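*Asks:* Generate a structure from the sequence data that follows.
(2 chains)
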Amino acid sequence: MSVQAGTVHALVGENGAGKSTVMKILYGMQRPDSGEILVNGTAVHFKNPNDAIAASIGMVHQHFMLADNFTVLENVILGSEPKKGISIDFVAARAKVVAMAEQYGLEIDPDILVEELGVGQRQRVEILKVLYRGARILIFDEPTAVLVPQEVDDLFSALEGLRAQGMAIIFISHKLDEVLRVADDVTVVRAGSTVAEVKSKDVTARQLAELMVGSELPQPSTHGVTRRDQITLALKDVSIPTSTGSRDLISHISFDLHAGEVVGIAGVEGNGQAELVEAILGLREYTGSISFNSATIDHMSVAHRHDLGIGFIPEDRQRQGLMMDSPLWENRILGHQRSAPVMRGFILDKKATIADTTRIMQEFDVRAPGPQTLATALSGGNQQKFIVGREMSKAPALLVASHPTRGVDVGAQGAIWEELRRAREKGMAIVLISADLEELIGMSDRLLVMLRGVITAELDPAKTTPEQLGSAMTGAA
Amino acid sequence: MKKLKLSTFLLAIAAPLAAAVVSIIISSLAVLATKKSPMDAYRTMWDFGTTSASLMQMLNTATPYYIAAIAIAITFRAGLFNIGVEGQLRLGALFGAYIGALFVLPPVLHILVIMVIAMSVGGLWASIAGYLKVKRGVSEVISTIMLNALAGGLSSYLLANRFADLTTSSNNLSTKEIPASGQFPNLMPLLNKLGVEDQPGGGVYGMLLVAVVLGVTFWFVVNRTRFGFELRASGINPIAARVSGVNSKRMTFVALALSGAVAGLAGLPAVLGDTHAFNMGFRTGIGFSAIAVALLGRNNAVGMAISALLFGFLEVSSRSLELIDIAPETYVIMQGSILLSSVIAYEVVRRYKITLQSKELAKAVEA
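*Replies:* Purely as a prediction, here's the structure:
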């Protein structure tokens, strides 16, 4: 792969395809077994990130590394402060940072504390930091993952500015539409090797995705009607008042969900979907009533609801669904610590747990050396497949799936959809929450649109296009 | 696979080994700074520390450390920090000694009753912190520190004004002596049978057995039961634990109360085995040293036993340093450097392990 000055070069691939490894090698965090890196025609060998910085390579990390209680200026110069005698030459530093910010179109107030900045602005500080160290080659690791759309636009115009100044930019991402918007060249990696190098103007997002997976894309879809008469979940007038007494977080939500049915909850994030999930799981207090298989569960604890047969795929798997530094077999127990096979009475059955973890890893194609592997070593897609496998193993009557394929690669996405389809056919009721409109339309039997905590529309997915759904979500329709 | 086993083993011993080397270097420098030979210091400590009498004292010093460390580990495992062990064990010992001296019961039962009293008092005292945390969101770190101060004052007041036995003429304020039925027999007769000879000032507290039972129970409950899993999950990832059905408030309260109850026992080895009363000479600082013991032992039953013994050994054997004109407090430097270097070494190894696993994973995916 070769990157020219004055271009944006995107590196795309599935989770675990080797994007991060390439990046780590470039930034001196890992050494290559063979092959070489040329910067401006000369071969370089990086022992650590400092060598990379010296060769004018800089990295903008996905997770910001900034000191909150320092100002923008202090953060930018941290680690390479200009000295005047033994004190820091703040005057010179400020002049340089302000000039740089202007030159690259990254305007920001140098004296504001970083803790007061939003995510997008923090990212600017990161970029400035890298530029301040003299980088001419910038690596961006999934820079848009943490940004809202408006901030993404800002970032992209900043990238334009950098490109115009003759910087070489390596943009690592798996959001293909963004890649096509911003990149000149695209390198696709799969299973550790380069499979294609293309000009972004020559390809479509779909072609890129197919290059990434190496086969045709999975489609979110379900076949036929598997809905049964039995009502698995019924919500009646469920509301969550705020403590301040202003508008309810969710208000008078009522719907029935039958066995073998998937109800999709559509809505712009922050319109009450997360709270609805928490109410169903018992994580939050609510008014109104929720019943499960015709019996009310309002008085039941989270644990009790789990044990009745409610499975949960959390939206933030690392925060809500895993113990990252623990081995997979211990993660197998999480949420299932009250029943077989992991428990015999009150005693943990380690052997059976490990055996069942191995089963999940095989059945759900979780790629890891074994049940002793720490969860943190797995890629996002494999973590998610593991969680899906874990939740499916008790064959819940109801599955609450919150963004089940968010942040996972295309291969894992297809596998997870397939699992949901199979479960639906067996009569599982599924509440699907997603920001991926195609997923919602493809997988749901019925769509409910949430806006500001209220269900504003019910749509038939067979007769709805993503555009129509999108405008219903924003209340424009 | 075999290679993997070997590297797992190497990884397991890498951290303690590195920590030992680094701490020996630091301690040696400290001794050198006083213009003495570190070799002499170590030899003297070793010679003195390995005599039967010293080894018995080591066990007696280590026993309360170990019990208190388990108390602290219970909260560490749950993601909490009970700094109040010092106060809890003090009040537990005071009430245990005072109430235990008021009646006579059959031998074993009497000891058990005193232990239950000490545990209840320690548990209740810690529950105050638990209640404040659950109901009012008060940090248990702050509240247990403050409760330590209260416990210190309260125990002095009670000893001087309410519980003191005024029938003796001694200057040392003390509760009434616990009757023989409530005294925990020394393990010396048992050791005699094993061929160990009596030593002047020797003898091993019977509470050592309680500490061992406690250690085994701790290991089993934490690693092999549902309660233990939920406790650990709450410590590792409280949000995921809550989602998985753990009642986090109840867990917080129970962990603190349980920790206090175990802490209540930590003051008893000397009270039941030696003084048979609570007096002004009651040892202070056990609850704080135990924090270091728990940290060094990685909150693990076996690890804490080793580190409690190590702390006991250093404390007892360092008394000999006076003989060669080195400040015996050098052992504090040794304890400190061991703790610091082991915490660092373990973190380095932990990170290395994750890197290693990621690499293995990359290989597995390619294959």
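*Asks:* What is the burial count for residue 355?
*Replies:* Picking chain A for this. 13 (other Cβ atoms under 10 Å in any protein chain shown). Every C-beta, even on glycine, is put in place using the N, C-alpha and C of the backbone.
*Asks:* Wait, chain B was what I had in mind.
*Replies:* For B:Thr355, using other Cβ under 10 Å, the count is 12.
*Asks:* Can you give me the end-to-end span of stretch A:222-237?
*Replies:* End-to-end distance for stretch A:222-237, by Cα to Cα, to the nearest Å: 30 Å.
*Asks:* What lies in contact with that stretch?
*Replies:* Residues outside stretch A:222-237 that contact it (Cβ atoms under 8 Å, 6 or more residues apart in numbering or on different chains) are A:252-262, A:280, A:287-294, A:397-398, A:421, A:424-425, A:427, A:429, A:431, A:442-443, A:445.
*Asks:* Mind checking which of these are in helices?
*Replies:* In helices, defined here by DSSP state H, the members of these are A:Ile280, A:Arg421, A:Arg424, A:Glu425, A:Gly442, A:Met443.
*Asks:* What's the local residue count around the nearest residue to B:Asn192 once chain neighbours are set aside?
*Replies:* Spatial nearest neighbour of B:Asn192, chain neighbours left out: B:Asp198 (7.0 Å); criterion: Cβ to Cβ, 6 or more residues apart in numbering or on different chains. Neighbours of B:Asp198 under the rule other Cβ under 10 Å: 12.
*Asks:* Now name the helix or strand holding B:Asp198.
*Replies:* Counting by DSSP states H and E, no helix or strand carries B:Asp198.
*Asks:* so it touches B:Asn186, yeah?
*Replies:* No - when contacts are counted by Cβ atoms under 8 Å, B:Asp198 is not listed as touching B:Asn186 (10.5 Å).
*Asks:* and the residue of the stretch 251-367 of chain B nearest chain A?
*Replies:* B:Gln357 (4.0 Å; Cβ to the nearest Cβ).
*Asks:* Now B:Ser259. Its backbone dihedrals?
*Replies:* Torsion angles at B:Ser259 (phi, psi; degrees, to the nearest 10) stand at phi -60, psi -40.
*Asks:* distance of it from B:Ala68?
*Replies:* Using Cβ to Cβ, to the nearest Å, B:Ser259 is found at 10 Å from B:Ala68.
*Asks:* Find residues that contact each of these two.
*Replies:* Common neighbours of B:Ser259 and B:Ala68 (Cβ under 8 Å, 6+ apart) are B:Val85.
*Asks:* Would you mind listing what in the stretch 301-450 of chain A touches chain B?
*Replies:* A:301-307, A:312, A:314, A:319-326, A:330, A:333-338, A:343, A:346-348, A:350, A:367-369, A:373-374, A:376-378 (Cβ under 8 Å from any Cβ of the partner chain).
*Asks:* quick one: low-confidence parts of chain A?
*Replies:* A:1-6, A:15-17, A:63, A:145-149, A:215-217, A:243-246, A:476-477 (pLDDT under 70).
*Asks:* ok, the residue in it positioned nearest to chain B - contacts?
*Replies:* Nearest to chain B, among the residues of chain A, is A:Ala303, at 3.2 Å (Cβ to the nearest Cβ). Residues in contact with A:Ala303 (Cβ under 8 Å, 6+ apart) are A:Arg338, B:Gly245, B:Val246, B:Asn247.
*Asks:* quick one: which of these is nearest B:Leu158?
*Replies:* Set against B:Leu158, the nearest of the contacts of A:Ala303 by Cβ to Cβ is B:Asn247 (35.5 Å).
*Asks:* so the closest one makes contact with A:Ser301?
*Replies:* Yes - using Cβ under 8 Å, B:Asn247 is in contact with A:Ser301, at 6.5 Å.
*Asks:* Verify the stated contact: B:Leu80 with B:Leu256.
*Replies:* Yes - B:Leu80 is in contact with B:Leu256 according to Cβ under 8 Å; the separation is 6.4 Å.
*Asks:* Quickly note the distance from B:Lys36 to B:Ala327.
*Replies:* 10 Å.
*Asks:* ugh, wrong one, A:Asp89
*Replies:* A:Asp89 is 46 Å from B:Ala327, by Cβ to Cβ.
*Asks:* Flag the shaky bits of chain B, pLDDT-wise.
*Replies:* In chain B (pLDDT under 70), the answer is B:1-7, B:169-170, B:200-202, B:361-367.
*Asks:* Measure how buried the closest residue to chain A within it is and give me the count.
*Replies:* For chain B and chain A, the shortest gap (Cβ to the nearest Cβ) falls at B:Gly245, measuring 3.2 Å. For B:Gly245, the neighbour count with other Cβ under 10 Å is 24.
*Asks:* excluding its backbone neighbours, what's nearest it?
*Replies:* That would be A:Ala303: by Cβ to Cβ, 6+ apart, it lies 3.2 Å from B:Gly245.
*Asks:* Validate this expectation: that neighbour resides in a helix.
*Replies:* Yes - A:Ala303 forms part of a helix when assessed by DSSP: H, G, I helix; E, B strand; the rest coil.
*Asks:* Who are the contact partners of residue 249?
*Replies:* All of this refers to chain A. A:Ile240, A:Pro241, A:Thr242, A:Gly272, A:Glu275, A:Gly453.
*Asks:* wait, I meant chain B there
*Replies:* Counting by Cβ under 8 Å, 6+ apart, B:Lys249 touches B:Val134.
*Asks:* So for stretch A:322-335, first residue to last residue, what's the gap.
*Replies:* 10 Å.
*Asks:* wait, A:Ile253 sits on A:Val238?
*Replies:* Yes - A:Ile253 lies in contact with A:Val238 (Cβ under 8 Å); the separation is 4.5 Å.
*Asks:* Identify the contacts common to those two.
*Replies:* Shared contacts of A:Ile253 and A:Val238, counting by Cβ under 8 Å, 6+ apart, come down to A:Leu276, A:Gly288.
*Asks:* Of the two, give the one with the bigger neighbour count.
*Replies:* Counted by other Cβ under 10 Å, A:Ile253 and A:Val238 do not tie: A:Ile253 has more neighbours, with 26 against 22.
*Asks:* Now tell me what touches stretch A:401-410 from outside.
*Replies:* Stretch A:401-410 is contacted by residues A:14-17, A:145, A:174, A:209, A:212-213, A:217-218, A:273-274, A:277, A:312-315, A:379-381, A:384-385, A:388, A:412-413, A:416-417, A:420, A:430-436, A:439 when judged by Cβ under 8 Å, 6+ apart.
*Asks:* Which of these fall in helices?
*Replies:* Reading helices off the contacts of stretch A:401-410 with DSSP H, I get A:209, A:212-213, A:273-274, A:277, A:380-381, A:384-385, A:388, A:412-413, A:416-417, A:420, A:439.
*Asks:* Would you list the phi and psi of A:Thr296?
*Replies:* Torsion angles, degrees, to the nearest 10, at A:Thr296: phi -70, psi 140.
*Asks:* Burial check on it, number of neighbours?
*Replies:* 12.
*Asks:* quick one, what contacts the spatially closest residue to it that is not a sequence neighbour?
*Replies:* Nearest non-adjacent residue to A:Thr296, counting by Cβ to Cβ, 6+ apart: A:Ser289, 5.6 Å away. For A:Ser289, the contact set (Cβ under 8 Å, 6+ apart) comprises A:Leu235, A:Lys236, A:Asp237, A:Val238, A:Thr296, A:Asp298.
*Asks:* and what of B:Met115?
*Replies:* Here B:Met115 is in contact with B:Gly96, B:Val210, B:Leu265, B:Leu268 (Cβ under 8 Å, 6+ apart).
*Asks:* Mind jotting down where the strands sit in the stretch 151-300 of chain A?
*Replies:* Secondary structure of the stretch 151-300 of chain A (DSSP state E, counting those that start in this stretch): strands at A:168-173, A:185-190, A:193-199, A:231-240, A:250-258, A:262-266, A:287-292, A:295-296.
*Asks:* Which stretch among the ones you listed is buried most, on average?
*Replies:* strand A:262-266 (a mean of 25; mean count of other Cβ atoms under 10 Å in any protein chain shown).
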